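J.: Pasting the sequence and the predicted coordinates here, then a few questions.
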Amino acid sequence: LSARLQGFGTTIFAEMSALAVATGAVNLGQGFPDYPGPDEVLDVARAAIGTGHDQYPPGPGIPELRLAIADHVQHFRGLGYDPDTEVLVTAGATEALAAALIALLEPGDEVVLFEPMYDSYAAGVAMAGGVLRPVPLRPPAGDDGPWSFDPDEVRAAVTPRTKLLLLNTPHNPTGKVFTAEELGQLAALAMEHELLVLTDEVYEHLVFSGAEHRSIATLPGMRERTIVVSSAGKTFNTTGWKIGWICAPAELVTAVRTAKQFLTYVSGGPFQPAIAAGLRLPDEYFTGIARDLEYRRDVLVQGLREAGLPVISPEATYFATVDVRPVQPDGDGLAFCRSLPERAGVVGVPTVVFYDPAHAHLGRHLVRFAFCKRDEVLGVAVKRLREMA
Ligand code: PMP
Ligand code: GLN
């Protein structure tokens, strides 16, 4: 393994999903729904196989999908992108992020981002030869407040080598939705220091009552320096299809495409028209998935609380965060997760893996549980955790 990738090992999601399969535990670890996506989307994919979508699609993605993405972003964010020059279809958000980092960073360039952070960010920055400058999000004092950051800490993390601000809202693993005020502070910093902004918005539609998703690209002066990343996986329950995309000014899209064409070139032929159809579903579909997931959040959060576990209830995404100290006196969330399949027949993901090793103490006692699961699965998980406590 190259020096760049030392320490990355196997992703925690693979480790924990394998543990769930091996032990027969309920898997609330890896974030994927265990219920299917809408028939309107699945049917188009089925019909696309053998009918002209089985060979390489065009490098930037099929025109129909690029147009649907542009229309979708216009409709939901009020942002206009040219489907021919400012939209690029990728192999999931993961490739979009990696290709953007590889395309935009010089060796030694610094990336400011918040931690806990989604696991592919550190690896993507490392593959691009960049340097991470993580700034902590602080958990709320009570159970229900939002996670927050100190704007002075973000400011202090920016140096003359900083090239890029990497944002994620709604945020994995905390479930935080960045507010207009917070995005304004970050936008001001990006403009002052002429930073590019890479914003991962894969949970854009999975936002619960009281919160509202905004893209930093919509703030004055930001569209021109921002690459918006999203993905169909979370919106259409198709995480295995790996259809993602970026929207950005043409010059940035051209740069990302240069890297992307040598990573996968293209992917997901029959899935591209299906996601184009999905993006054109009526608004009620998108509000419906948020409402459905909010109900699942409430089931899990309430169940965990009844089990005596303090829970930070998320404003969005698939994930709730638990403080394990009442049931794991040494406060070691990783040890808790490794023993949980045997102890209770449940799998979760230790939040500590989303931190830079230097700041691991901040997330040591926290564990992430996914609630994008069927009622009976959530019910069994909650019952088992209650019996454990
Ligand atoms: N970003 C975040 C914040 C995620 O949680 C995930 C995975 N669920 C991804 C990116 C990767 O998305 P994709 O599966 O489309 O590659
Ligand atoms: N994004 C999903 C999660 O956070 C997992 C994706 C993966 O396994 N790479 O759980």
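T.: Alright, I've got the coordinates. Residues are numbered from 1 along each chain as shown. Ligands and ions are numbered 1, 2, ... in the order given.

J.: which residues in the stretch 101-250 of the chain form helices?
T.: Taking DSSP state H, counting those that start in this stretch as the test, the helices found in the stretch 101-250 of the chain are 119-127, 151-157, 180-192, 250-263.

J.: What about the residue of the chain with the smallest separation from ligand 1, how many residues nearby?
T.: Per CB to the nearest ligand atom, Gly92 is where the chain lies closest to ligand 1, at 2.5 Å. The way it works is simple: take the backbone N, C-alpha and C, and place the C-beta from them, glycine included. Gly92 has 24 neighbours, counted by other CB atoms under 10 Å.

J.: Please verify my assumption that it contacts Val229.
T.: No: in this structure Gly92 lies outside contact range of Val229 using CB atoms under 8 Å: 9.7 Å.

J.: Would you mind grabbing the residues shared as contacts by those two?
T.: Gly244 (CB atoms under 8 Å, 6 or more residues apart in numbering).

J.: Arg368 - that's part of a strand, no?
T.: Yes: the assignment for Arg368 (DSSP: H, G, I helix; E, B strand; the rest coil) places it in a strand.

J.: Name all residues that make contact with it.
T.: With CB under 8 Å, 6+ apart, Arg368 has these contacts: Pro173, Phe319, Ala320, Thr321, Val322, Gly348, Val349, Pro350, Thr351, Phe354.

J.: Return the set of residues that bridge with it.
T.: On the basis of DSSP bridges, Arg368 takes part in beta bridges with Thr321, Val349.

J.: now the strands for this structure?
T.: Along the chain, counting by DSSP state E, strands occupy 26-27, 87-91, 110-115, 131-136, 162-168, 196-200, 226-231, 243-247, 311-312, 319-323, 346-347, 349-350, 366-370.

J.: gap between the second one and the chain center?
T.: Strand 87-91 has its C-alpha centroid displaced from the chain centroid by 16 Å (CA atoms, centre = their mean, to the nearest Å).

J.: touching ligand 2 at all, it?
T.: No: counting by CB under 6 Å from any ligand atom, ligand 2 has no neighbours in strand 87-91; the shortest distance is 12.3 Å.

J.: Listing partners with orientation, what would you give for that strand?
T.: Partners of strand 87-91, by DSSP bridges, with direction: strand 243-247 (antiparallel).

J.: List the buried residues for the strand it pairs with?
T.: Ile243, Gly244, Trp245, Ile246, Cys247 (16 or more other CB atoms under 10 Å).

J.: Present these as TSV; the columns should include pLDDT and distance to Leu196.
T.: Formatted as TSV, these follow (pLDDT from 0 to 100; distance: CB to CB, whole Å):
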residue	pLDDT	distance to Leu196
Ile243	98	24
Gly244	98	19
Trp245	99	18
Ile246	98	12
Cys247	99	14
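
J.: which among those gets closest to Gln272?
T.: Ile243 (6.5 Å; CB to CB).

J.: Please report the number of neighbouring residues for the residue nearest to Phe8 when sequence neighbours are not counted.
T.: Of all residues not flanking Phe8 in the chain, Ala123 sits nearest, at 5.2 Å (CB to CB, 6 or more residues apart in numbering). By the criterion of other CB under 10 Å, Ala123 has 18 neighbours.

J.: Dump the buried residues of strand 243-247 into CSV; add distance to Thr218 as well.
T.: Shown next, in CSV, are the buried residues of strand 243-247 (distance: CB to CB, whole Å):
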residue, distance to Thr218
Ile243, 23
Gly244, 20
Trp245, 17
Ile246, 16
Cys247, 12
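
J.: which ones among the residues you listed come in contact with ligand 1?
T.: Gly244.

J.: nearest to Thr85, of the buried residues of strand 243-247?
T.: Distances from Thr85 to the buried residues of strand 243-247, taken as CB to CB, are shortest for Cys247 (10.8 Å).
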